[in-house]
Each structure stands twice: as C-alpha cells, then as structure tokens.
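# Return atomic coordinates for the entry below.
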Amino acid sequence: MSVLTWIAGSSLLAWAWLLLGHGFFWRTDVRLPDRAEPNAWPAVAVIIPARNEAEVLPSSLPSVLAQVYPGRAEVFLVDDGSTDGTGEVARALAVAHGGLPLTVASPGPPPPGWTGKLWAVRHGVALSGDRMDAEFLLLTDADIAHGPESLRELVASAGGFDLVSQMARLRVVTGWERLIVPAFVYFFAQLYPFRWIGGAGRTAAAAGGCVLVRRAAVERAGLPEAIRHAVIDDVALARAVKSGGGRIWLGLADRVDSVRPYPGLMELWRMVSRSAYAQLRHNPLVLAGTVMGLWLVYLVPPFAAVGGAMTGAWWVSGLWAAGGGGWGGGGGGGGLGAAAWGVMAATYAPMLRHYGQRLWLAPLLPFTAALYLVMTIDSAVQHYRGQGAAWKGRTYARPDASG
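Predicted structure coming up:
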C-alpha cells in the first residue's frame, strides 16, 4: 500500500468523522429556539459600538430604530473615537426615521489593556444601566441590519437561555465574496458546532453581530472587564457566560444581515487575517497543527484524486496492485481522494444553499481552504512583527503587552 494511499485514506476517515461525529456542523437548520411570548415583555437596551461607521449606518441603524417590540427598548450607540462623523450621522438618522429612543455617547479612548470595541461596550452597559432597568442587552454591530421583528423574536426565544446569538447573513455579491464568505461561516461552524454550543459541554461561541444576553449573566461573569483584551470578543463573551453557569445558544439568522461590503480579496483577507492567529491562542504549535490539519483534510483529497486520474491508478481496487510500497506503489489514493473530496463538497452544499449560491462552487472548497491557510499564516507573521490584530486604525499587538 503506497504512502499516498495511506494519506488519502486518512483524509477520507477524517471526513467520515466530520460528516457523522462532529455535531452535524454542516447542517444549516439550527434556527432560533421555539418561541413562547412572555406575559410581560422585559426591557431591552440595544448597545451598538461604532467606530468610523458613517458609511454603513444609513443601511443599518434605521432598521434597529424601527424594531416592533411590545416592551421598553432603547438604543445606545457608543461612538468609539470616530473621525468620520459617525455620531452626527446616527443622530440625523434618528431624527429622520424616528422609532426607538437613541442615545449617542463617547467614552473617550480605551485605556491600556482594553480593545476599543469592548471599552465601548462597557460604556454602553454602564450608560444603559443608569438610564433604564433592562433585563436584556442586545449587543449588535454598526453594520448589522435587523428585520422589524428581530428583537421580539430574540427575546421570545431566550426562554431558559442566558445568551442567544445569531450568525448574521454576510453580504455575498462579488465573485470573491461568493468564494470566501460562505466558507467563512462553514469553517466557523466546523470549529464551533452549533448543536454543541447549546448543550452542556464546554463548546462555547457567539456571533458578535447579534448577541442577546441577560444583564444578570453579564454581571455574574464580570463582563466586559473579564475579557477586556479579547480580540475575538464574541467567543470570549460566550465562554465567560457559559463558564459562569449560563446556558447559551447560537444559530444561523434569517432576518439579520450584515451590510458591510468586502468587494475584493484584500478586504476579505484583512477580515480573516486580523484575528486568525488570535483564534489559535497565538500558539505556534497550534498553528502548526492547524496547517497540517487543513492540508490533510482539504488539500489531500483533490491532489490525490487528480494524481490518481493522471496516472491511471484511480480505483480503490488498485490498492493491492504492485504492492511495492513508497510513493510509486499502489494506486488506491485516487479513489480514496475522490471519495473524500465528494464528502467535503456534500457537506459544503447546505451552506451554499443557505447563501443562495450555485452548487458548482462546492468542489472549489479546497482552493478556498488553501486561501484561508495562507491567511492564517499571514496572521501569525503579522503578530510576530508586532502588528497584531489591526482594525479601524488600531493595532492590538500582543495580549501580554496589554496588561
């Protein structure tokens, strides 16, 4: 049996486990839990951290202000040191559109040890606490547009949960967005299977664009102070709530959409690379394991399949032929690689359908995975150059440098 056959077979076994034993991560039917409307609707404070978002606010903020909610709800937009008139645009939109009461405030620059977003969230939590007795906080980003019933549905779905989060539907318009964006959500679900997040195990994650959380859970976990340096703040928030005994839930959204465009490869590259190495806990051993894992799971199948086809050693029956070993012996790698590639494409198809994309993109997932692999390596390179997670004019170089 050849080395290539062993490697291709290992890849196929990995895909068999991912298909059946990894929380059915590839399914896209995880939607809001059953909704039971409360007798009395609790008050909700909607907190929007915003930095240089004047361009996208006209497409998102009116939808938040227009929420149809039976209880009390107010919106607190925290201007995180914007230089493009974000606060003024927000106030003008509130005057023009009306709807929920809007408060615009600015906490000043973040102190050492804080990311700008979490410093803004802290200010929003404190400000809303002074203004209203809200049982829930809705943390949503400035580029997120909500359907008119979004808040009502979130609160009705909270039930016995302390945190309910929806993965907003990202924009998919350009060719690069079609190639990379559905895969971004697919890889996220593979890393954090949604069905496991809602269970009693340790898996925890949230999607920062839409997080409804009980204020009591925030206070119990000491948030956001406890995660003040976190670049991937949504996952850190969910972990803190779950570690504190809270129940959490994450699923895909139908009426929560990101309006932020990523038209070209470079914009998408920055979106991924700014936090990819932080996702790996800035650990070079984890990085090495991730690179090897991506290579085995996503790149081996097409190389084995194409290589087998080119050499004529295609079918698994060739496993026992010419059993000389080494790279030249045996020929089953092609068939095994093709099978693994087929399973891979089949698991990706539901996410493509969720985003309304053509299924012929599914076999291209290895190419997209190769891009993500290079983006992840680039993220590590930037980290060790001291440039870290750069976003909106700020750079968070190293966790140990923030105190």
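# mean confidence score for stretch 203-215?
What stretch 203-215 shows for mean pLDDT is 97.
# what's the offset of it from the middle of its chain?
11 Å (Cα atoms, centre = their mean, to the nearest Å).
# for stretch 275-292, same thing?
17 Å.
# Same check on stretch 69-79?
That offset, for stretch 69-79, works out to 24 Å (Cα atoms, centre = their mean).
# For the remainder of this discussion, apply numbering that starts at 514.
Happy to do that; since the first residue is 514 now, the last one works out to stretch 582-592.
# Outside of that stretch itself, list whatever touches it.
Identification of contacts with stretch 582-592 by Cβ atoms under 8 Å, 6 or more residues apart in numbering yields 553-564, 574, 577-578, 580, 599-600, 603, 613-620, 633-634, 636-637, 640-641, 644-645, 647, 655, 664-665, 668. All C-beta spots, glycine's among them, are computed from the backbone N, C-alpha and C.
# residue boundaries of the strands in the stretch 514-663 of the chain?
557-563, 586-592, 615-618, 649-653, 657-659 (DSSP state E, counting those that start in this stretch).
# which element follows the last one toward the C-terminus?
In other words, strand 657-659. Per DSSP states H and E, the first helix or strand lying C-terminal to strand 657-659 is helix 663-671.
# Give me the contacts around the next helix or strand after that next one.
The helix or strand immediately downstream of helix 663-671 is strand 676-682, counting by DSSP H and E. Residues outside strand 676-682 that contact it (Cβ under 8 Å, 6+ apart) are 545-546, 657, 667, 670-671, 698, 701, 719-720, 722-727, 730, 747, 750-751, 754-755, 759-767, 769-771, 867-868.
# still on that earlier bit, could you give me the ChimeraX syntax to select whichever of the contacts of stretch 582-592 are buried?
Per 16 or more other Cβ atoms under 10 Å, the buried members of those correspond to this ChimeraX selection:
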select :554,555,556,557,558,559,560,561,562,563,564,574,577,578,580,599,600,603,613,615,616,617,619,620,633,634,636,637,640,641,645,647,655,664,665,668
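# Let me have the strands of the stretch 514-663 of the chain in TSV, extended by mean pLDDT.
Formatted as TSV, the strands of the stretch 514-663 of the chain follow (pLDDT from 0 to 100):
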stretch	mean pLDDT
strand 557-563	98
strand 586-592	98
strand 615-618	98
strand 649-653	98
strand 657-659	98
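# Let's have these in TSV, adding distance to Ala521.
As requested, the strands of the stretch 514-663 of the chain are exported to TSV (distance: least, Cβ to Cβ, whole Å):
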stretch	distance to Ala521
strand 557-563	47
strand 586-592	52
strand 615-618	57
strand 649-653	44
strand 657-659	42
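# Ile520: which of those strands is closest?
Nearest of the strands of the stretch 514-663 of the chain to Ile520, taken as Cβ to Cβ: strand 657-659 at 42.3 Å.
# Adjacent strands (with direction) for that closest one?
strand 761-771 (antiparallel) (DSSP bridges).
# Please work out the average pLDDT along the helix or strand that comes right after the partner strand.
Next along the chain after strand 761-771, taking DSSP H and E as the criterion, comes helix 778-792. The pLDDT scores in helix 778-792 average 91.
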